[in-house]
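Peer 1: Here is my input, please return the structure:
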Amino acid sequence: MADLVNRWGADCKGKNGYSQVAAVVGATYPEVIKSLREKYDRMFFLVPGYGAQGGSGKSVQYAFDRFGHGAAVCASRSIL
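Peer 2: Numbering: from 1, shown residues only. Reported below is the predicted structural model:
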């Protein structure tokens, strides 16, 4: 699926060079986040599952590039 997302977003990059087509990667799967970031350095990630669902700062650290860009971490359940 990540290959398809990468292909769909190849021609629509934002001003920071990230694709405007995002991949959803769960915060509770840090090993998947890390492997996807290594392979797709310009793909934007939407990362749900932070907080009440078990994701932590440590588990989502690999979603971001060295400047802290490239992902949006979501914490919906923990704020209810």
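
Peer 1: Now W8, what are its backbone angles?
Peer 2: With angles defined as degrees, to the nearest 10, W8 sits at phi -60, psi -30.

Peer 1: quick one: contacts for the closest residue in space to it that isn't next to it in sequence?
Peer 2: In space, not counting the residues next to it along the chain, W8 is nearest to V21; the distance is 4.8 Å by Cβ to Cβ, 6 or more residues apart in numbering. The way it works is simple: take the backbone N, C-alpha and C, and place the C-beta from them, glycine included. Under the criterion of Cβ atoms under 8 Å, 6 or more residues apart in numbering, the neighbours of V21 are V5, W8, G9, C12, M43, F44.

Peer 1: From those residues, which land in strands?
Peer 2: When the contacts of V21 are checked against strands (DSSP state E), the matches are F44.

Peer 1: filter the contacts of V21 to the buried ones?
Peer 2: Listed as buried from these are V5, G9, M43, F44; burial here means 16 or more other Cβ atoms under 10 Å.

Peer 1: Thanks a lot, see you next time.
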